[in-house]
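**Student:** everything below, folded, please.
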Amino acid sequence: MGVVMHISELNTKDFVINCQAIESPEELAECALLEARKLGFEYISASGGALRYPKPEQVLYPGFPPEWTSYYLQNALYEHDPVLKRVTETELPFEWSDLEMPEPEAAAIFAQAHDLGLKKGYVVPLQGLNSYTGYVSFGGADAELTPQGHLDLQLIGIYFHHRLREMRDASDEASYWGNDLTGRERECLNWIAAGKSNWEVGEILNISENIVKTHADKIMSKFGVTTRVQAVVEGIRRGLIGL
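**Tutor:** Sure thing, here's the model as predicted:
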């Protein structure tokens, strides 16, 4: 519960509120980068879909330097990119320096990125419904992240990716908003956002720990997310969590 416990201490709520009215990917990226630059990252990009073989429509926002993006695609570097393999295996964010380089082609990718000023990278994987896999990448020349910095980037990445998908497929908005939470589910969500465990929420609401877990699972299902952190961010965005 350490991740959720610190949500109320972040500027995430301000970030969500500031980005609510934004309707263009470029403005949304700039909003995200206002926070990311504080942590040493100058670029942000997002993709989603069948990531092993990227297609143009899977790139939600190509925010890295154009010369790097062109080089990456023209040379089919995705065939050796360890980032793409890692995001299909974990929901945990990671730094480029955490990756194993089992083949020289993989190491060459990051050597080229380094030469173009992308010396540090941080990736937030996102697993969704129907086998959807996405991720947000932050890049920069120099960044040394604290534990709180890791959490900040994770929450920024979750919201950034979600809003990009929403912009990409606005026609699904009616069905997206169709699943409302019950009063009890909203109570549980607010206590989860406050950093309470299932047991603690059960004690507060005088219900069992298993019932709290059931409510949490239903909340994630209705929101179309797979983690409690994503559910909290989505609850903030929908105005269901007290600001």
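**Student:** can you name every helix or strand that the strand or helix carrying residue 203 contacts?
**Tutor:** For residue 203, the enclosing helix or strand under DSSP states H and E is helix 198-205. If contacts are counted by 3 or more CB pairs under 8 Å, 6 or more residues apart in numbering; DSSP states H and E, helix 198-205 sits against helix 183-193, helix 209-223. Placement of C-beta: from N, CA and C, glycine included.
**Student:** what's the angle between the shortest one and helix 198-205?
**Tutor:** Think helix 183-193. 130 degrees (axes from the mean of the first three to the mean of the last three CA atoms, to 10 degrees).
**Student:** go on, the longest one?
**Tutor:** With the same axes, to 10 degrees as the criterion, the two stretches helix 209-223 and helix 198-205 enclose an angle of 100 degrees.
**Student:** start at 53 instead
**Tutor:** Sure thing, new numbering starts at 53, so read that last one as helix 261-275.
**Student:** quick revisit: need the CA coordinates for the helix holding residue 255. CSV is fine.
**Tutor:** Output of helix 250-257 as CSV, limited to C-alpha atoms (Å, rounded to 0.1, in the frame of the first residue of the first chain):
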residue,chain,number,x,y,z
ASN,A,250,-8.6,-3.5,2.7
TRP,A,251,-8.6,-4.4,6.4
GLU,A,252,-8.6,-0.8,7.5
VAL,A,253,-11.4,0.2,5.1
GLY,A,254,-13.4,-2.7,6.4
GLU,A,255,-13.0,-1.6,10.0
ILE,A,256,-14.0,2.0,9.1
LEU,A,257,-17.1,0.9,7.1
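**Student:** mind listing what's buried along stretch 133-142?
**Tutor:** 133-136, 138-139 (16 or more other CB atoms under 10 Å).
**Student:** typo on my end, it should be stretch 165-177
**Tutor:** Buried, per 16+ other CB under 10 Å, within stretch 165-177: 165, 170-177.
**Student:** please apply the same query to stretch 265-273.
**Tutor:** Those would be 267-268, 270-272, for stretch 265-273 by 16+ other CB under 10 Å.
**Student:** and the contacts of it?
**Tutor:** Residues outside stretch 265-273 that contact it (CB atoms under 8 Å, 6 or more residues apart in numbering): 233, 236-237, 240-241, 244, 250, 278-280, 282-283, 287.
**Student:** which members of these are the farthest-apart pair?
**Tutor:** The most widely separated members of the contacts of stretch 265-273 are 236 and 278, with 21.4 Å between them, by CB to CB.
**Student:** can you redo the buried residues of stretch 133-142 as TSV with secondary structure?
**Tutor:** Shown next, in TSV, are the buried residues of stretch 133-142 (DSSP: H, G, I helix; E, B strand; the rest coil):
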residue	secondary structure
133	coil
134	helix
135	helix
136	helix
138	helix
139	helix
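**Student:** which one's the longest helix in this protein?
**Tutor:** helix 199-220 (DSSP state H).
**Student:** helices or strands next to it in the packing?
**Tutor:** On a contact count with 3+ CB pairs under 8 Å, 6+ apart, helix 199-220 meets helix 64-71, helix 77-88, strand 95-100, strand 111-113, strand 172-179, strand 185-192, helix 280-289.
**Student:** between it and strand 185-192, how many degrees?
**Tutor:** 120 degrees.
**Student:** show me where pLDDT drops low in this structure?
**Tutor:** 53-64, 102-109, 221-231, 294-295 (pLDDT under 70).
**Student:** center of it - which residue?
**Tutor:** Residue closest to the mean C-alpha point of the chain, counted by CA atoms, centre = their mean, is residue 210 at 2.4 Å.
**Student:** is it correct that residue 212 is in contact with residue 190?
**Tutor:** No: using CB atoms under 8 Å as the test, residue 212 is too far from residue 190 to be in contact (9.8 Å).
**Student:** lovely, talk soon.
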